[in-house]
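Q: Quick one, fold the following:
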Amino acid sequence: MAQFHTLHDAVAQNIFDGDTVAFEGFTHLIPHAAAHEVIRQGRRDLTVIRMTPDLIYDQLIGMGCVRKLVFSFAGNPGVGLLRRLRDAVEEGWPHPIELEEHSHAALANAYEAGAAGLPCAIFRGYRGVDLPSVNPNIKSVTCPFTGEELAAVPAIRPNVAVIHALRADRKGNVFLEGITGVQKEAVLASKRSIVTVEEIVDDFGARSPNATILPHWTIGAIAQVPGGAHPSYAQGYYGRDNGAYIAWDRIAAEREVFLSWMEENVMKVGPEIFEIRTARLRQDGGAK
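A: The predicted structure follows:
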């Protein structure tokens with residue numbers, strides 16, 4: 001059942017060293033503020049999962065939080081590679097990490113299998129590709145009805161799912177719309193969940209046909225963190241801060257520059273910075 005917390009307490013009570021954590025958001029509603037709180041609290045040895053690791057995973061890896069990455073694409077969207085991820089893989093800094101790479105289809109199906117309580121996902125895929133030769137968690141099975149050979153991957157069942165959403169009501173129901181990715185499936189597949197939201201409201205109001213509502217009984221912790229997705233965007237609240245993604249390539253290129261930036265912009269600030277930033281973004285009409 002959903003309980004309301006500060007962001008600090010939501011992370012402290014739900015994410016522990018050695019956990020498997022899915023920070024999900026597909027271009028939209030990426031839970032940056034929550035991941036920053038994980039970094040501030042010094043979590044270690046995490047297995048992190050995401051369909052599209054970008055800046056926030058670069059930061060988690062560079063700050064030594066991550067032991068293993070399960071993913072289906074990694075990069076700085078529209079800019080290039082993730083330099084802290086590459087440094088960890090190629091040079092072992094700040095320490096080596098394990099990689100488990102999948103396709104988007106595989107991870108989406110694996111989340112759905114986890115949400116359904118199944119041990120694995122079975123789907124058509126991985127034909128004529130190289131990933132099965134480097135990922136032992138990609139198997140094949142024969143359909144008992146048709147004889148067709150199908151791909152199989154383990155279900156994803158994280159200890160914790162972390163997402164950012166638009167709104168929660170006072171009962172703890174959570175509202176998302178726009179590009180939603182696999183946030184719903186990640187929450188339903190996980191043992192615990194943390195949802196940060198732009199605001200808490202009495203009523204969700206008008207909604208689009210693709211709106212998703214996660215009922216309060218599927219949610220663990222909710223924290224109100226305005227601007228909690230920045231520099232990604234929150235539909236109806238603020239736009240994507242493209243400049244931040246471009247700047248990250250330079251910031252992440254050198255270890256000392258990266259560490260200095262993280263100290264000033266993450267370690268020394270708390271959730272209140274996001275309220276200030278969001279107010280500015282709304283005033284400006286969204287990031288450009």
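Q: Now the element after the one helix or strand residue 153 maps to, going C-ward?
A: Residue 153 is located in strand 149-154, with elements delineated by DSSP states H and E. Moving toward the C-terminus from strand 149-154, the next helix or strand (DSSP H and E) is strand 160-169.
Q: for that following strand, packing partners?
A: strand 20-23, helix 32-40, strand 174-176, helix 183-189, strand 192-201 (3 or more CB pairs under 8 Å, 6 or more residues apart in numbering; DSSP states H and E). Placement of C-beta: from N, CA and C, glycine included.
Q: Make JSON lines out of these and add mean neighbour count and distance to residue 72.
A: Output for the helices and strands packed on strand 160-169, formatted as JSON lines (neighbours: other CB atoms under 10 Å; distance: least, CB to CB, whole Å):
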{"stretch": "strand 20-23", "mean neighbour count": "26", "distance to residue 72": "12"}
{"stretch": "helix 32-40", "mean neighbour count": "25", "distance to residue 72": "18"}
{"stretch": "strand 174-176", "mean neighbour count": "24", "distance to residue 72": "21"}
{"stretch": "helix 183-189", "mean neighbour count": "24", "distance to residue 72": "13"}
{"stretch": "strand 192-201", "mean neighbour count": "22", "distance to residue 72": "21"}
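Q: Among these, single out whichever gets nearest to residue 104.
A: In terms of CB to CB, the element of those nearest to residue 104 is helix 183-189, at 12.9 Å.
Q: Packing partners of that closest one?
A: For helix 183-189, the packing partners by 3+ CB pairs under 8 Å, 6+ apart come out as helix 104-116, strand 160-169, strand 212-214.
Q: Which neighbouring elements make contact with the first one?
A: Think helix 104-116. The helices and strands touching helix 104-116, judged by 3+ CB pairs under 8 Å, 6+ apart, are strand 120-123, strand 149-154, helix 183-189.
Q: Would you reformat the helices and strands packed on helix 183-189 as JSON lines and include mean neighbour count and mean pLDDT?
A: Listed next are the helices and strands packed on helix 183-189 as JSON lines, based on neighbours: other CB atoms under 10 Å; pLDDT from 0 to 100:
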{"stretch": "helix 104-116", "mean neighbour count": "22", "mean pLDDT": "97"}
{"stretch": "strand 160-169", "mean neighbour count": "27", "mean pLDDT": "98"}
{"stretch": "strand 212-214", "mean neighbour count": "18", "mean pLDDT": "95"}
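Q: sorry, back to before: make TSV from the helices and strands packed on strand 160-169 and add distance to residue 209 and mean pLDDT to it.
A: Below are the helices and strands packed on strand 160-169 laid out as TSV (distance: least, CB to CB, whole Å; pLDDT from 0 to 100):
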stretch	distance to residue 209	mean pLDDT
strand 20-23	26	98
helix 32-40	28	98
strand 174-176	13	97
helix 183-189	15	98
strand 192-201	20	98
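Q: on that earlier part again, can you redo the helices and strands packed on helix 104-116 as TSV with distance to residue 31?
A: Converted to TSV, those look like this (distance: least, CB to CB, whole Å):
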stretch	distance to residue 31
strand 120-123	24
strand 149-154	24
helix 183-189	9
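Q: Nearest to residue 1, out of these?
A: Proximity to residue 1, assessed across the helices and strands packed on helix 104-116 by CB to CB, is greatest for helix 183-189 (13.4 Å).
Q: Now do that closest one: distance to the chain's middle.
A: Its chain's C-alpha centre lies 11 Å from the corresponding centre of helix 183-189 when counted by CA atoms, centre = their mean, to the nearest Å.
Q: quick one: contacts of it?
A: Helix 183-189 is contacted by residues 22, 24-25, 29, 108, 111-115, 155-158, 161, 163, 165, 176, 193, 195, 212, 214, 218-219 when judged by CB atoms under 8 Å, 6 or more residues apart in numbering.
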